[in-house]
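S.K.: When you get a sec, could you give me coordinates for this:
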Amino acid sequence: MSRKVSMKDIAKIAGVSPSTVSRVINKPSEVSEGLRKKVMKIIKELNYTPNSVAQGLRKGSMKVIGVVIPDITNPFFPAIVRGIEDFLRKKGYSLVLCNSDQDMEEEKKLLKFLYSKNVDGVIFTGSGEYNPEIEIFTSRNIPLVFLDRIYKKESSSYVIVDNVDGMFKLMTYLVKCGYKSFALLNGYKETFSAKARYEGFLKAVKKYNIKNYEVVFGRFTYESGYEMVEKLSKIPEVLVCGNDLIAYGVINKIEKLGLSIPDDVGVTGFDDIAFSKHYKPSLTTVRQPMYQIGKKAAELLFKMIELEKYKPKGIVLNPELVIRESTKKIEMEV
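M.R.: This is a model prediction of the structure:
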């Protein structure tokens, strides 16, 4: 046949009604084994593909997942999305990827859009504060997984990295390297990750009795890193950045000031995005298991969709300290 094969074509060849063909495809337990094999043989021979939209309407499932992230240009997120897609594709699901540009109002529009498209579930990374539009999903028991965020108002599943511990381990290493003065150049202070990394920084300040430190909040971008250096009262011995993109901007600014890294000042990041090991100097940072974050989020969402009584669950993954060229040992351990 030159035109696309339809269910009516299958039914005519098999000598059954279209509704019987539909039962063979959608409810095989309701037909005899002999009839099922006969119809499926014809389907295979004619290379018939059922209409996924029509199937979705009948079953109440479109096999589509919405993913909302704050910044698609941040290399942290594509690696996560890859983990999400690799898992869900094997389960027969497709993704609708939405970029909020770290804007609360855009988030609201995107959440409404996904709801209107009858998605089976949502993986959501918010731009900052709690977004009440989330409730259009939670109030209707549409599965929702928070990614790289926790909103205490919602009892839902989430996947995060232990940001507090990651920053504390980094600071412990820097103290042992002999650094005495610090500046934390962080992302937007209302985001979960920025708050947690700030908490880890302050934990180290208290633990090691650090007296000489400064904190500046901005955005998780290269441009913000460059600008935050200008806001410092003075350049410390080491600049601790909220993520790798901030660190890249910081390195550029520091070098334009005529200072050498790490000889004059140390710089660290957080995330270990792909380019950080190739940057000059290569970046000391905290590695987040980005692919695993995405995969775990997808696994959680899949279980929430497929298992009716599956309860919300939180997963906390461990970060890893990665030591490279942008820091150095100033003296022996303290």
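S.K.: Residue 229 belongs to a strand, doesn't it?
M.R.: No - assigned with DSSP: H, G, I helix; E, B strand; the rest coil, residue 229 falls outside any strand and is helix.
S.K.: these two touch, right, it and residue 236?
M.R.: No - between residue 229 and residue 236 no contact is recorded; they are 10.6 Å apart, counting by C-beta atoms under 8 Å. No exception for glycine: its C-beta is placed from N, CA and C like everyone else's.
S.K.: Who has more neighbours out of these two?
M.R.: Per other C-beta atoms under 10 Å, whichever of residue 229 and residue 236 has more neighbours is residue 229, with 22 against 19.
S.K.: Does residue 312 touch residue 157 like I think?
M.R.: Yes - applying C-beta under 8 Å as the test, residue 312 and residue 157 come out as touching, 4.7 Å apart.
S.K.: more crowded one of the two?
M.R.: Of the pair residue 312 and residue 157, residue 157 is the one with more neighbours under other C-beta under 10 Å, namely 25 against 16.
S.K.: Beta-bridge partners for that one, please?
M.R.: Here residue 157 sits in beta bridges with residue 145, going by DSSP bridges.
S.K.: From residue 303, how far out is it?
M.R.: Going from residue 157 to residue 303 by C-beta to C-beta, to the nearest Å gives 9 Å.
S.K.: do the same with residue 225
M.R.: Relative to residue 303, residue 225 is positioned 38 Å away (C-beta to C-beta).
S.K.: So for these two, which sits in the more crowded spot?
M.R.: Looking at residue 225 and residue 303 with other C-beta under 10 Å, you find the greater number of neighbours at residue 225, namely 30 against 15.
S.K.: Which of the three states applies to the residue nearest to residue 48 when sequence neighbours are not counted?
M.R.: With sequence-adjacent residues excluded and distances taken as C-beta to C-beta, 6 or more residues apart in numbering, residue 48 is closest to residue 5, at 4.6 Å. Local secondary structure at residue 5 is given as coil here, using three-state DSSP.
S.K.: With residue 184 instead?
M.R.: strand.
S.K.: And the helices in the stretch 1-150 of the chain, which stretches?
M.R.: For the stretch 1-150 of the chain, helices defined by DSSP state H, counting those that start in this stretch occupy the ranges 7-14, 18-26, 33-45, 52-59, 76-90, 104-116, 135-138.
S.K.: Can I get these in a markdown table including mean pLDDT and distance to residue 329?
M.R.: Shown next, in a markdown table, are the helices of the stretch 1-150 of the chain (pLDDT from 0 to 100; distance: least, C-beta to C-beta, whole Å):
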| stretch | mean pLDDT | distance to residue 329 |
| --- | --- | --- |
| helix 7-14 | 88 | 71 |
| helix 18-26 | 82 | 66 |
| helix 33-45 | 87 | 66 |
| helix 52-59 | 52 | 59 |
| helix 76-90 | 95 | 29 |
| helix 104-116 | 90 | 43 |
| helix 135-138 | 82 | 49 |
